[in-house]
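Quick one, structure for this:
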Amino acid sequence: MNENNPLRDVFDAIADPTRRRLIRLLAEAKEMPLHELTAQFQMGRTAVSKHLIILKEAGLVLDRKVGRETLFRLNAAPLREIQDWVAFYSKFWSTNMLRLNQLLEEEEE
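Reported below is the predicted structural model:
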């Protein structure tokens with residue numbers, strides 16, 4: 001679980017392609033209202049809202065009311081957990097590939 005918000009795991013939140021696309025859209029804009037986000041998808045406002053709730057529960061999306069509109073923005077800090085996880089396995093595979101190359105070179109000699 002995400003230590004910032006125990007409601008939803010960040011990995012679970014980004015597992016869905018629609019939510020990854022929402023993250024991308026919010027990363028490219030400072031803030032976006034729900035109707036602008038919905039216009040980017042072939043689904044209704046309710047479906048987009050449900051995806052935003054999941055992202056919000058994981059701490060990836062923040063919102064604020066401005067009049068009758070809700071504006072959404074990305075909070076990228078929880079993505080650090082994913083970056084750290086990928087970095088660990090990137091190092092793991094690099095080390096193993098280096099060992100494999102050394103083994104193959106020894107075999108050739």
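
From residue 82, how far out is the spatially most central residue of the chain?
Nearest to the mean C-alpha position of the chain, by C-alpha atoms, centre = their mean, lies residue 14 at 4.5 Å. Distance, residue 14 to residue 82, by C-beta to C-beta, to the nearest Å: 7 Å. Backbone N, C-alpha and C define where each C-beta goes, glycine included.

repeat for residue 45
28 Å.

what are the ranges of the strands in the protein?
With DSSP state E, the ranges of strands along the chain come out as 32-33, 61-66, 69-74.

any chance of the ones you listed in JSON lines, with mean pLDDT too?
What follows is the strands of the chain, written out as JSON lines (pLDDT from 0 to 100):
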{"stretch": "strand 32-33", "mean pLDDT": "97"}
{"stretch": "strand 61-66", "mean pLDDT": "96"}
{"stretch": "strand 69-74", "mean pLDDT": "96"}
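
Ok, which of those comes nearest residue 98?
strand 69-74 (35.9 Å; C-beta to C-beta).

buried ones in that closest one?
Within strand 69-74, the residues that count as buried by 16 or more other C-beta atoms under 10 Å are 70-72, 74.

just checking, what packs against that strand?
Contact partners of strand 69-74 among helices and strands, from 3 or more C-beta pairs under 8 Å, 6 or more residues apart in numbering; DSSP states H and E: helix 17-28, strand 32-33, helix 34-38, strand 61-66.

Much appreciated, bye for now.
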